[in-house]
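> I'll drop the sequence and a predicted model, then ask my questions.
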Amino acid sequence: MSQVLQYPHQNVLKAHASLGEGPVWDSTQKLLYWVDIDNHRVHQFNPETGKDSFFDVGDVVGAIAKAGVNRLIMALRHRLAFLNTQTGVVTPIVDIETDLPNNRFNDGKCDPQGRFWIGSMSSSSQKGQASLYRYDPDHSLHKMETGLTVSNGLGWSPDQRRFYLTDSPEKKIYAYNFDSATGRISDRQIFVNLAGESFYPDGLTVDIQGNIWSAMWDGGCVICFNPKGEEISRIQIPVKITTSCTFGGEDLQTLYITTASVGLSEDEIEKNFYAGDLFAVQTDISGLPASEFLG
């Protein structure tokens, strides 16, 4: 049976982001990278000092992943690019979906083999026009899934036998068989169906026990599902729009949670005073280390 966990949440950064998303923990530098999509910013947060700085990358930025020393790979509106985290220089890699002007890239993550997975999102009037892509270290691009509306939270089980993908408007998290050697996915099944809820699954992360932690847009919480897809706990956050989460910290037991203020009315902003801020929750379970792009 699910329980609301009484882990104390801490507001670690009063960022007031428009659309905070995509947190990535850098275990080497002990830094948390995250994005403010609409404001074109890639943030760098130091939990030890509380200092946050950002790079304006000049375009909508949906997802980031580590890509070597002082470098990130980014999914911009219709382009993959590298960001030098010392100079702020953006280096374009490849343009994608330029024939779909109403689409943009959304969530993404690297698998343990160093491949960058990114999904797009389509407008509400063009349902099913989004896709999932895999960009390999040899710079080849592969379309992995089609017919999505908002490709969102993705991750892999600790044994790398399952791949998870969220389609937010459908209120579903899917599970696929995953071939780690080839990067192929197959046999899609519904892992979690939230059709009866008033909120939507957004970004997710996976812990070392194979539990899936999914942030709930319009739900003000992060829900933890066991590997069978059963809800086992939820963490409430005092912000309606909870967008994504990842484990970080020295022992990977700190759950960092991004939030958003976009679309809130003045009355809602008064009730969601911390909308767009960054939260941290100390848990008793470790997450998986972030994988980086190896190209």
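Arrived safely, thanks for sending. Only a predicted model underlies this, so the values are computations on that prediction, with no experimental measurement involved.

> so how far is Lys109 from Pro158?
15 Å (CB to CB, to the nearest Å). The way it works is simple: take the backbone N, C-alpha and C, and place the C-beta from them, glycine included.

> So for those two, which residue has more residues nearby?
Neighbour count, other CB atoms under 10 Å: between Pro158 and Lys109, Lys109 has more, with 24 against 15.

> That one: what's it in contact with?
Ala63, Ala65, Phe116, Trp117, Leu154, Gly155, Ala290, Ser291 (CB atoms under 8 Å, 6 or more residues apart in numbering).

> Turn the residues you listed into JSON lines, including neighbour count and pLDDT.
As requested, those are exported to JSON lines (neighbours: other CB atoms under 10 Å; pLDDT from 0 to 100):
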{"residue": "Ala63", "neighbour count": "28", "pLDDT": "98"}
{"residue": "Ala65", "neighbour count": "24", "pLDDT": "98"}
{"residue": "Phe116", "neighbour count": "28", "pLDDT": "98"}
{"residue": "Trp117", "neighbour count": "27", "pLDDT": "98"}
{"residue": "Leu154", "neighbour count": "24", "pLDDT": "98"}
{"residue": "Gly155", "neighbour count": "23", "pLDDT": "98"}
{"residue": "Ala290", "neighbour count": "20", "pLDDT": "97"}
{"residue": "Ser291", "neighbour count": "18", "pLDDT": "98"}
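
> residue boundaries of the helices in the protein?
266-271 (DSSP state H).

> possible to save the contacts of Lys109 as a markdown table with distance to Phe45?
A markdown table is the format used below for these (distance: CB to CB, whole Å):
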| residue | distance to Phe45 |
| --- | --- |
| Ala63 | 17 |
| Ala65 | 16 |
| Phe116 | 22 |
| Trp117 | 24 |
| Leu154 | 22 |
| Gly155 | 21 |
| Ala290 | 14 |
| Ser291 | 20 |
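
> pull the CA atoms of the biggest strand by length in the chain into PDB?
The longest strand of the chain (DSSP state E) is strand 184-193. Extracted in PDB, the C-alpha atoms of strand 184-193 (Å, rounded to 0.1, in the frame of the first residue of the first chain):
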ATOM      1  CA  ARG A 184      17.300  -1.900 -29.400                       C
ATOM      2  CA  ILE A 185      14.000  -1.700 -27.600                       C
ATOM      3  CA  SER A 186      11.000  -4.000 -28.100                       C
ATOM      4  CA  ASP A 187       7.700  -5.400 -26.700                       C
ATOM      5  CA  ARG A 188       6.300  -2.200 -25.300                       C
ATOM      6  CA  GLN A 189       3.900  -2.600 -22.400                       C
ATOM      7  CA  ILE A 190       2.100  -0.200 -20.100                       C
ATOM      8  CA  PHE A 191       4.000  -0.100 -16.900                       C
ATOM      9  CA  VAL A 192       2.000   2.600 -15.100                       C
ATOM     10  CA  ASN A 193      -1.400   3.900 -16.200                       C
END
